[in-house]
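Trainee: Structure for this input, please:
(one chain, ligands or ions: 1)
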Amino acid sequence: MTTFLEGLRCRECGTATAAEARSACDECFGPLEPAYDYEAIAAAMSRESVAAGPASLWRYGALLPAPIENRVDLGDGFTPLRRARRLGAELGLPSLWVKDETRNPTHSFKDRVVSVALTKAREFGFRTVACASTGNLAHAVAAHAAAAGLDAVTFVPTGLEAAKLTATAVYGATLIEVDGTYDDVNRLCGEASAE
Ligand SMILES: [Zn+2]
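Mentor: Next comes the predicted model:
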């Protein structure tokens, strides 16, 4: 399967650019999002094609920005729905189901975006991936980088619980504790990545 990605488009002003490793619009600094050929996707995708795919979010590969053959996939997504009868009764919702995202490989929904992002990073030829995180994202990045053969550098604020740090470090990621707020951590990560 190929990809139906056409390029990137600014969410704010609509300016289109090529599918490159960039996140902000040249015109207005708005966020760039993938743009797809939805007509072609509609023609290629069916209930049967989805059901025949892997037991992960990559069964929806037609709606993702990389060919499924290239995927960094630890079994991300495709998490079960659980009936929540008592919560539903409390809320007046007789048919309430919750998506159990703790069943992802590193136990959070962050695995979904990291699976796709690291697939794309490897496709672009990057050797090192980085993130700013208060725990879950660092864990997800470290695990997927280990599986993909990429180096990971994770920036976290000081004072995180030891269990969170251990979960990331066990995958061999470089952990950098930053004495500051999450915004400070995020800024430093962005600046270091640009270098
Ligand atoms: Zn723009």
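Trainee: got the residues of the chain near the ion?
Mentor: Contact residues, the chain versus the ion (Cβ under 5 Å from the ion): 10, 12-13, 15, 25, 27-28, 30. The C-beta positions use only the backbone N, C-alpha and C, and glycine is treated the same way.
Trainee: Just the ones of these in strands?
Mentor: Judged by DSSP state E, strands contain the following of the residues of the chain next to the ion: C10.
Trainee: which residues are contacting stretch 125-139?
Mentor: Stretch 125-139 is contacted by residues 21, 106-108, 110, 114, 117-118, 121, 141, 145, 150-157, 160-161, 164, 167-168, 173, 175, 182, 185-186, 188-190, 192-193 when judged by Cβ atoms under 8 Å, 6 or more residues apart in numbering.
Trainee: And it, what's buried?
Mentor: Within stretch 125-139, the residues scored as buried using 16 or more other Cβ atoms under 10 Å are 129-133, 135-139.
Trainee: Of those, which belong to helices?
Mentor: Using DSSP state H, the subset of the buried residues of stretch 125-139 located in helices is 136-139.
Trainee: Now do the same contact list for A145.
Mentor: By Cβ under 8 Å, 6+ apart, the residues touching A145 are 118, 129, 151-152, 171, 173.
Trainee: can you check V178 too?
Mentor: Listed by Cβ under 8 Å, 6+ apart, the contact set of V178 reads 155-158, 184-185, 188.
Trainee: cool, and T154?
Mentor: T154 is in contact with 130-133, 137-138, 141-142, 168, 173-176, counting by Cβ under 8 Å, 6+ apart.
Trainee: gap between the most centrally placed residue in the chain and K99?
Mentor: Centroid-nearest residue in the chain: V113, 1.0 Å away (criterion: Cα atoms, centre = their mean). Distance, V113 to K99, using Cβ to Cβ, to the nearest Å: 15 Å.
Trainee: same deal with F155?
Mentor: Distance from F155 to K99, by Cβ to Cβ: 29 Å.
Trainee: Check G75 too.
Mentor: G75 sits 15 Å away from K99, going by Cβ to Cβ.
Trainee: Name the residue in the two with the higher neighbour count.
Mentor: Neighbours of G75 and K99, each counted by other Cβ atoms under 10 Å, are more numerous for G75; the result is 16 against 12.
Trainee: Contact partners for the more buried one?
Mentor: With contact taken as Cβ under 8 Å, 6+ apart, G75 is in contact with 55-56, 105.
Trainee: Give me the subset of these lying in strands.
Mentor: Per DSSP E, the subset of those in strands is empty.
Trainee: if we can go back for a sec, list just the nearest of the buried residues of stretch 125-139 to G92.
Mentor: G92 lies nearest to N136 out of the buried residues of stretch 125-139, by Cβ to Cβ, at 31.2 Å.
Trainee: and the closest residue in space to R9 that isn't next to it in sequence, how many neighbours?
Mentor: With Cβ to Cβ, 6 or more residues apart in numbering as the criterion, R9 has its nearest non-adjacent residue at 4.2 Å, and that residue is A35. When neighbours are counted by other Cβ under 10 Å, A35 registers 18.
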